[in-house]
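Q: below are the sequence and a predicted model for it; my questions follow.
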Amino acid sequence: MPSKKVLTKHSAKLTPATDICPEPVAVDDAARLREIRRLVEANNRSVLSADLIICQIWMESRFDARAGEHQHAALGLMQMQRDGVKQVYKYRKQKELGHMPSDKITQAAFDEGARIYDSGQIFDEATNIQLGTEYMQYWIDRFPTIPDAYKGYRGVGNGEYYRKISECAKSLANNPDSMQPLREKIGP
């Protein structure tokens, strides 16, 4: 039987198993906030302020573009669900036509929305923000108040979701480059 040939040798010192102290890593999380702000300003398709959407994104995903992946049906920055994406595509058709679309057009719109959700494009940050803000606008157009629209978006609620986001947005507007309002008003 031939001997096994060693392909590479590793000479670096391995971390001992007893070393359980993590090394601190400096992270500029304000850079991610600035990046999210740019994305929201470029992709917001609602009447809501950028600060409100930023706080909503923090509430939903903590700025994690792949939030929910392999865990549940709410995915991406704005935690869009399949039915929400389908509704956005139907709503686009309704706005384009100026009236409710036929059953055939509705089904085609639903199919297109499902295809986007299933394709992984839902994790593209710009796409997710566009869909999430369009979905918010759908609820804004259906309900008399923004708090009610947020209840529709969330699917349930006693107003706490909107209260936290709106308080955060007011603080963020006063300090737009700081993560502190997000952490204080919504949580780490």
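A: The structure has been received and is ready for your questions.
Q: contacts and neighbour counts: CA atoms only from here.
A: Fine.
Q: ok, which stretches of the protein are helices?
A: With DSSP state H as the criterion, the chain has helices at 29-43, 50-61, 82-97, 103-119, 125-142, 146-154, 160-174, 180-185.
Q: which one, of those, ends up nearest to residue 20?
A: Closest to residue 20 of those is helix 29-43 (CA to CA; 24.8 Å).
Q: quick one, phi/psi of the residue nearest the centre of the chain?
A: For the chain, the residue lying nearest the average C-alpha position, counting by CA atoms, centre = their mean, turns out to be residue 77 (1.5 Å). With angles defined as degrees, to the nearest 10, residue 77 shows backbone torsions of phi -50, psi -40.
Q: re the thing from before, in CSV, list the helices of the chain along with mean neighbour count.
A: Putting the helices of the chain into CSV (neighbours: other CA atoms under 10 Å) gives the following:
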stretch, mean neighbour count
helix 29-43, 16
helix 50-61, 23
helix 82-97, 19
helix 103-119, 16
helix 125-142, 22
helix 146-154, 19
helix 160-174, 18
helix 180-185, 18
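Q: mean pLDDT added to those, as a markdown table?
A: Below are the helices of the chain laid out as a markdown table (pLDDT from 0 to 100):
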| stretch | mean pLDDT |
| --- | --- |
| helix 29-43 | 95 |
| helix 50-61 | 97 |
| helix 82-97 | 96 |
| helix 103-119 | 96 |
| helix 125-142 | 97 |
| helix 146-154 | 90 |
| helix 160-174 | 94 |
| helix 180-185 | 92 |
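Q: quick one: end-to-end length of stretch 63-78, please.
A: The first and final residues of stretch 63-78 sit 9 Å from each other (CA to CA, to the nearest Å).
Q: mind listing what's buried in it?
A: Of all the residues in stretch 63-78, those buried under the rule 16 or more other CA atoms under 10 Å are 63-68, 74-78.
Q: for that stretch, what is the average pLDDT?
A: With pLDDT averaged residue by residue, stretch 63-78 scores 94.
Q: off-centre distance for that stretch?
A: 7 Å (CA atoms, centre = their mean, to the nearest Å).
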